[in-house]
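**Student:** Need a 3D model of the following:
(2 chains)
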Amino acid sequence: MSPAAMGLTTRQVARRAAQDIPDGSYVNLGIGLPELIALFIPDDREIVLHIENGLLGMGPSPEPGKGDPELINAGKKQVTTRPGASYFHQADSFAMIRGGHLDLSVLGALEVAANGDLANWSTGGEGAIPAVGGAMDLVSGVKAVYVITRHCTRDGTPKLVERCSYPLTGARVVDRVYTDLAVIDITPNGFEVVELSPGVSFDEVAARTAAPLGDARPA
Amino acid sequence: MIDKRVGSPREAVAGIGDGDTVMIGGFGEAGSPIELIHALIDHGAANLTVISNNSGSGEIGLAALIRAGQVAKIVCSFPRSTNSTVFPDLFNAGRIQLELVPQGTLAERIRAGGAGIPAFYTPTAAGTDLEAGKERREFNGRPCLLEHALVADWSLIKARTADSHGNLVYNKTARNFSPLMAMAGRNTVAQASSVVKPGGLDPEAVITPGIFVDHVVHVPNPQHESELVARGARYP
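**Tutor:** Predicted coordinates:
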């Protein structure tokens, strides 16, 4: 079986991660894959989405032609507000982040290391324009940091590694990783599988992880 | 009598000099004071240091100011855009300097500048490449970095409504950096879609008190970056 055919689709990973966000949480979803989580928040939960450019209570995309170019998310796409929403300036927005007021940040990753180091802002390549945005603030301040990512890159290189090779976004910041193959916690002992995706074996995950992998699944 | 209104964007930016530091509000297109930026291009001040979250899109607004060669350095958190190669081309050619700052640190450095706080410690970026050259100190066992305040000769911002005292309210997520930049600019110019008499704004609803604003320019129908970029506009 090829890696692409094994495990969850990207949308299924987003759906799986959404199940673990408690009712009443204040959450920041990063640009890209993490944004998909907003589509799968269970109907019986009220979760307040924070966008770092100045809104709590982000709603879905507007209907075509109904948006406001000055109501956008961190990915610079037009959004709407939910009842109970609020606007604020950047210093207040990052006080929410850095001050530990947000419950959860879900981010994408280039690499996650077994000690919780995260690399997701720069490949460090020649000619690449460095751009960091709010990622370093998010990982330094939010109470819990989850990563949602494909387990391996397109060419099959593991993204869960012993030590990051790309420039760090933050040191020892990640708590949990959701991938197409498994849900993996970062513990003092390193990576530990807490759940396998349907049809995926522990050994298959271990073979695609470039660091020791513990098994913390419920017996 | 206090009346901070000026007649046009051109008059509002006329005092900006070569080598000045200019803060420009906006996150992406939300809150970008395009008319003031275009007036600054016409004005021609050069060798500017620009402090702004992004580096512009297409070939209008901030991207056009950079393309015009007026910007020697930008202080910025995310100088990348899917639809502009202006900054990357100049950066890779070594013709513009970049000081990359995490977005929250950028906001707080500007806030500190406006609030008379010369520097502060933050855990953001500790242990990363952006720690280079910064003083490190531990608080409660956490490594933190010393970050210095930012101030500017000029701040150019965009509001929804102003009164003639310079009190401002903003539009949705267009608020972003503008209230902070208003505080940190020695001369702050606000363009506003509507301008009312004193008393025309509810004091409870004012976001930026007029003390932080020096000049108010009425720009009734501000252009939107995305619409200009979509039709391939260039400035000038």
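**Student:** got the residue ranges for the strands in chain A?
**Tutor:** A:26-29, A:48-51, A:55-59, A:80-87, A:104-107, A:111-113, A:118-119, A:144-148, A:160-161, A:176-178, A:182-187, A:190-196, A:213-215 (DSSP state E).
**Student:** between the ones you listed, which one is nearest to B:H215?
**Tutor:** Among the strands of chain A, strand A:80-87 comes nearest to B:H215, with 24.4 Å by CB to CB. Bear in mind the C-beta positions are built from the backbone N, C-alpha and C, glycine included.
**Student:** That closest one - contacts with which helices or strands?
**Tutor:** strand A:55-59 (3 or more CB pairs under 8 Å, 6 or more residues apart in numbering or on different chains; DSSP states H and E).
**Student:** Quick one: check the strand it packs on for contact with chain B.
**Tutor:** Yes. On the criterion CB under 8 Å from any CB of the partner chain, strand A:55-59 is in touch with chain B at A:L55.
**Student:** quick check, B:H38 in a helix?
**Tutor:** Yes. Membership of B:H38 in a helix is supported by DSSP: H, G, I helix; E, B strand; the rest coil.
**Student:** residue boundaries of the helices in chain A?
**Tutor:** A:10-18, A:90-98, A:135-141, A:202-207 (DSSP state H).
**Student:** what do you get for chain B?
**Tutor:** According to DSSP H, the helices that chain B contains are B:9-12, B:34-43, B:61-67, B:86-92, B:103-115, B:178-184, B:225-230.
**Student:** Any chance of TSV for the ones you listed, columns mean pLDDT, mean neighbour count and distance to A:V177?
**Tutor:** Shown next, in TSV, are the helices of chain B (pLDDT from 0 to 100; neighbours: other CB atoms under 10 Å in any protein chain shown; distance: least, CB to CB, whole Å):
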stretch	mean pLDDT	mean neighbour count	distance to A:V177
helix B:9-12	98	20	49
helix B:34-43	98	22	41
helix B:61-67	97	26	37
helix B:86-92	95	19	31
helix B:103-115	98	25	24
helix B:178-184	98	28	35
helix B:225-230	94	18	35
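**Student:** Nearest to A:L181, out of those helices?
**Tutor:** That would be helix B:103-115 among the helices of chain B, by CB to CB, at 32.0 Å.
**Student:** Chain A is nearest to which of the helices of chain B?
**Tutor:** Of all those, helix B:103-115 sits nearest to chain A, with 3.1 Å by CB to the nearest CB.
**Student:** Turn the strands of chain A into TSV, columns for mean neighbour count.
**Tutor:** Listed next are the strands of chain A as TSV, based on neighbours: other CB atoms under 10 Å in any protein chain shown:
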stretch	mean neighbour count
strand A:26-29	24
strand A:48-51	21
strand A:55-59	21
strand A:80-87	14
strand A:104-107	26
strand A:111-113	25
strand A:118-119	26
strand A:144-148	24
strand A:160-161	24
strand A:176-178	24
strand A:182-187	22
strand A:190-196	19
strand A:213-215	16
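**Student:** Spatially nearest residue to B:L100 (excluding sequence neighbours)?
**Tutor:** Spatially, and ignoring its direct neighbours in sequence, B:L100 is nearest to A:P130 (5.1 Å; CB to CB, 6 or more residues apart in numbering or on different chains).
**Student:** Let me see the backbone angles for the one you found.
**Tutor:** Recorded main-chain torsions at A:P130 are phi -70, psi 130, according to degrees, to the nearest 10.
**Student:** The one 3 residues further on too?
**Tutor:** Dihedral pair for A:G133: phi 60, psi -140, per degrees, to the nearest 10.
**Student:** ok, it touching B:Q103?
**Tutor:** Yes. Under the criterion of CB atoms under 8 Å, A:G133 makes contact with B:Q103 at 5.2 Å.
**Student:** returning to that earlier point: so can I have JSON lines of the strands of chain A showing mean pLDDT?
**Tutor:** Formatted as JSON lines, the strands of chain A follow (pLDDT from 0 to 100):
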{"stretch": "strand A:26-29", "mean pLDDT": "97"}
{"stretch": "strand A:48-51", "mean pLDDT": "97"}
{"stretch": "strand A:55-59", "mean pLDDT": "97"}
{"stretch": "strand A:80-87", "mean pLDDT": "97"}
{"stretch": "strand A:104-107", "mean pLDDT": "97"}
{"stretch": "strand A:111-113", "mean pLDDT": "98"}
{"stretch": "strand A:118-119", "mean pLDDT": "98"}
{"stretch": "strand A:144-148", "mean pLDDT": "98"}
{"stretch": "strand A:160-161", "mean pLDDT": "98"}
{"stretch": "strand A:176-178", "mean pLDDT": "98"}
{"stretch": "strand A:182-187", "mean pLDDT": "98"}
{"stretch": "strand A:190-196", "mean pLDDT": "98"}
{"stretch": "strand A:213-215", "mean pLDDT": "98"}
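**Student:** Of these, which is nearest B:S84?
**Tutor:** Nearest of the strands of chain A (CB to CB): strand A:48-51, 21.9 Å.
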